[in-house]
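Colleague: structure for this input, please:
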Amino acid sequence: MSPLEFFRWIQETQVGTALRESTWVFPIILGFHSLGLSLSVGTLLWFDLRLVGFKMRQQPVSEVYRQLRPYMLTGFAIMFLTGILLFWAQAARCYENVFCRSKILLLLLPGMNALLYHMVTERTIAGWDSDPIPPRRARMAGWISIGSWVVIIVLGRQIVF
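Modeller: As a prediction, the model looks like this:
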């Protein structure tokens with residue numbers, strides 16, 4: 001079975017067809033996807049701006065993260081679940097769409113960036129937590145996050161379900 005045939009099969013399941021053909025369900029899911037994106041990436045942007053040293057310089061990085069984490073994770077969960085449903089409804093179309101494939105592939109970058117930040121950079125946070133401008137590695141994590149999410153959002157808008 002080719003990848004395209006597999007994605008056509010996903011799309012043509014009962015769930016995929018129901019999502020796609022519903023007058024209200026698909027737009028509602030798309031709306032919740034946008035809200036989840038706003039909540040997750042919006043609060044993540046605040047954290048990233050602290051990491052790059054632009055905003056909230058008087059607050060420790062760990063305190064900013066602690067305050068924003070519940071909102072970031074809630075938004076991410078909404079965004080992730082609704083993204084799966086949107087993909088399910090249009091899997092074959094997404095497979096054929098270069099913007100969708102690029103977006104899905106690029107989602108690995110902020111994921112790996114966050115993983116590296118939490119496993120490597122954050123381990124030394126005690127030494128720089130209250131610094132107005134964090135060390136280079138922390139700033140790079142912030143810039144990579146900001147840049148990758150901007151590109152992901154632009155690619156997502158180009159899919160045009």
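Colleague: mind checking the longest helix of the protein?
Modeller: helix 61-89 (DSSP state H).
Colleague: what about the helices in the chain?
Modeller: Under DSSP H, the chain gives helices at 3-11, 14-21, 25-51, 61-89, 91-96, 98-106, 108-119, 136-159.
Colleague: and the angle from the first one to helix 61-89?
Modeller: What that stands for is helix 3-11. 90 degrees (axes from the mean of the first three to the mean of the last three Cα atoms, to 10 degrees).
Colleague: check the third one too.
Modeller: Going by the same axes, to 10 degrees, helix 25-51 is angled at 160 degrees with respect to helix 61-89.
Colleague: which helices and strands sit right next to helix 25-51?
Modeller: helix 14-21, helix 61-89, helix 136-159 (3 or more Cβ pairs under 8 Å, 6 or more residues apart in numbering; DSSP states H and E). (C-beta placed from N, C-alpha, C; glycine too.)
Colleague: can we see that at 6 Å?
Modeller: Packed against helix 25-51 by the contact rule (3 or more Cβ pairs under 6 Å, 6 or more residues apart in numbering; DSSP states H and E) you find helix 61-89, helix 136-159.
Colleague: what helices or strands is the first one leaning on?
Modeller: On a contact count with 3+ Cβ pairs under 6 Å, 6+ apart, helix 61-89 meets helix 14-21, helix 25-51.
Colleague: could you pull out the buried residues of the first one?
Modeller: This points to helix 14-21. Buried residues in helix 14-21, counted by 16 or more other Cβ atoms under 10 Å: Gly16, Leu19, Arg20.
Colleague: now do the same contact list for the closest residue to the last one other than its chain neighbours.
Modeller: Computed as Cβ to Cβ, 6 or more residues apart in numbering, the closest residue to Arg20 that is not its neighbour in sequence is Ala89, at 4.2 Å. If you count contacts by Cβ atoms under 6 Å, 6 or more residues apart in numbering, Ala89 has them with Gly16, Leu19, Arg20.
Colleague: for Ala89, give me the pLDDT.
Modeller: For Ala89, the pLDDT comes out at 94.
Colleague: any idea how far it lies from Ile29?
Modeller: Ala89 sits 8 Å away from Ile29, going by Cβ to Cβ, to the nearest Å.
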